[in-house]
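Asks: What shape does this take:
(one chain, ligands or ions: 2)
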Amino acid sequence: MALDEYSANAEIIGRDEINDLEAILSVSNTDVDEAIHVVEDNADSIFTWDYEKGRRPGLNKLYEKAKHAQWNGETDLPWDTDVDLEKNAALQRLQFAEFETDVTGTPLEKFSEQDFINLSIEMDNWTLSQFMHGEQGALICTAKIVETVPWIDAKYYASTQVMDEARHVEVFAKYLQEKQNGFYPINAHLKMLLDDIINDSRWDMTYLGMQIMVEGLALAAFGFMTQMTPDPLLKQLLRYVMSDEARHVAFGVLSLKEYYGGLTDAELRERQEFAFEAAVRMRDRFLQQEVWDRMGIKPAEILPMVLQDPGRGMFQQMLFSKIVPNCKKLGLLDAGDGWLRTKFTEMGVIQFEDWQDTGEEYESLQATG
Ligand SMILES: [Fe+2]
Ligand SMILES: [Fe+2]
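Replies: Numbers count the residues shown, from 1 in each chain. Ligands and ions are numbered 1, 2, ... in the order given. Now for the predicted structure:
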């Protein structure tokens with residue numbers, strides 16, 4: 001297939017320039033009051049009559065591991081911890097200078113110390129809210145994988161992940177309701193991504209979108225928050241969730257490695273484009289446009305300055321530190337003409353390609369006995 005037969009940026013992500021701020025901000029969540037959200041799922045449900053357990057030893061091992069790694073969100077976490085949001089935000093501010101760039105002439109110029117603390121509380125709340133919504137996406141996606149994957153070892157394993165994800169939604173929701181002041185609605189970019197993943201008729205796209213991209217980013221993000229938060233309850237909650245998440249990403253890597261080995265370059269190119277779309281959607285949501293709205297600041301006025309902050313740029317790149325090596329392990333970086341390598345280079349995240357992939361990492365992140 002000639003290069004020009006493939007999709008351009010505009011077809012994949014709805015804009016030509018990856019960093020077109022105006023285009024990114026033009027996507028916002030208009031249905032904030034909806035109580036349910038319906039997405040059409042176009043995939044077939046598949047029975048298999050091959051019941052031989054352990055035909056795929058890597059998946060079987062993960063399944064056995066998962067049976068022993070179950071924990072109880074109600075009883076295994078210290079919910080009696082007193083969480084002081086202001087104190088924690090102030091402690092975090094001492095650890096990390098909020099903005100290293102010059103704020104002169106921006107809405108932040110008049111910010112008091114208390115305003116910065118409030119901003120920090122809102123940003124944490126927004127981040128945890130998106131984690132919770134993403135976890136519900138994972139719950140739905142893994143239930144879908146149980147139905148659509150043709151291998152019995154994968155159906156078995158995915159069923160344990162459904163339980164894991166229910167627990168993750170449960171603990172984030174409980175934390176937000178009991179220890180914070182409620183939660184933010186789902187971010188429009190994250191919602192678009194989850195909808196696209198669930199919409200797709202091909203079973204491996206659920207894996208690629210959820211297990212590799214969304215969960216790969218979550219694993220890195222949970223790791224940062226575990227290090228940064230002074231709250232012992234949240235630290236332990238995240239440590240438990242991460243130990244499950246590492247297994248989930250490993251499940252994606254092991255399953256897709258086998259499947260992608262049998263695809264043509266043209267088929268792989270569609271997977272590369274999907275991975276790129278997912279990466280851009282996730283990066284778009286980092287702008288946290290809803291937080292600025294709530295703080296009474298127009299996102300378009302503040303974001304050009306925020307985007308220039310070197311500390312923030314580095315942090316955002318680090319969120320791709322699991323995704324890029326996993327895509328490499330799957331052969332997606334260099335398939336065909338190396339299209340995804342070029343895209344990840346444009347996004348400034350290619351430097352992680354030789355970091356540890358998550359095929360085996362779950363062993364070291366285990367939190368339960
Ligand atoms: Fe999860
Ligand atoms: Fe997960």
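Asks: Which element is encountered next along the chain beyond the helix or strand containing residue 197?
Replies: Remark: residue 197 resides in helix 188-199, with elements defined by DSSP states H and E. Under the assignment DSSP H and E, the closest C-terminal helix or strand after helix 188-199 is helix 203-206.
Asks: Which other helices and strands does that following helix contact?
Replies: helix 113-148, helix 188-199, helix 232-260, helix 265-285 (3 or more CB pairs under 8 Å, 6 or more residues apart in numbering; DSSP states H and E). (C-beta placed from N, C-alpha, C; glycine too.)
Asks: Next, format those helices as CSV and append distance to ligand 2, mean pLDDT and mean neighbour count.
Replies: Shown next, in CSV, are the helices and strands packed on helix 203-206 (distance: least, CB to the ion, whole Å; pLDDT from 0 to 100; neighbours: other CB atoms under 10 Å):
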stretch, distance to ligand 2, mean pLDDT, mean neighbour count
helix 113-148, 5, 95, 20
helix 188-199, 13, 94, 20
helix 232-260, 4, 95, 22
helix 265-285, 15, 93, 21
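Asks: Adding distance to residue 323, write those out as TSV.
Replies: Below are those laid out as TSV (distance: least, CB to CB, whole Å):
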stretch	distance to residue 323
helix 113-148	14
helix 188-199	13
helix 232-260	9
helix 265-285	7
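Asks: which strands and helices sit next to the host helix or strand of residue 227?
Replies: According to DSSP H and E, residue 227 maps onto helix 215-228. The criterion is 3+ CB pairs under 8 Å, 6+ apart, and the helices and strands that helix 215-228 contacts are helix 113-148, helix 232-260, helix 310-318, helix 323-329.
Asks: export the ones you listed to JSON lines and tack on distance to residue 76?
Replies: Formatted as JSON lines, the helices and strands packed on helix 215-228 follow (distance: least, CB to CB, whole Å):
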{"stretch": "helix 113-148", "distance to residue 76": "17"}
{"stretch": "helix 232-260", "distance to residue 76": "7"}
{"stretch": "helix 310-318", "distance to residue 76": "29"}
{"stretch": "helix 323-329", "distance to residue 76": "29"}
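Asks: a markdown table for the ones you listed, including distance to ligand 1?
Replies: Below are the helices and strands packed on helix 215-228 laid out as a markdown table (distance: least, CB to the ion, whole Å):
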| stretch | distance to ligand 1 |
| --- | --- |
| helix 113-148 | 5 |
| helix 232-260 | 5 |
| helix 310-318 | 20 |
| helix 323-329 | 16 |
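Asks: Residue 198: which of those helices is closest?
Replies: Closest to residue 198 of those is helix 113-148 (CB to CB; 6.3 Å).
Asks: got the angle between the closest one and helix 215-228?
Replies: 140 degrees (axes from the mean of the first three to the mean of the last three CA atoms, to 10 degrees).
Asks: Okay, angle between helix 113-148 and helix 188-199 too, please.
Replies: 10 degrees.
Asks: residue nearest the centroid of this structure?
Replies: By CA atoms, centre = their mean, the chain has its centre lying nearest to residue 214, at 3.2 Å.
Asks: Find the nearest non-adjacent residue to it, please.
Replies: Of all residues not flanking residue 214 in the chain, residue 134 sits nearest, at 5.9 Å (CB to CB, 6 or more residues apart in numbering).
Asks: That's all I had, so thanks and see you.
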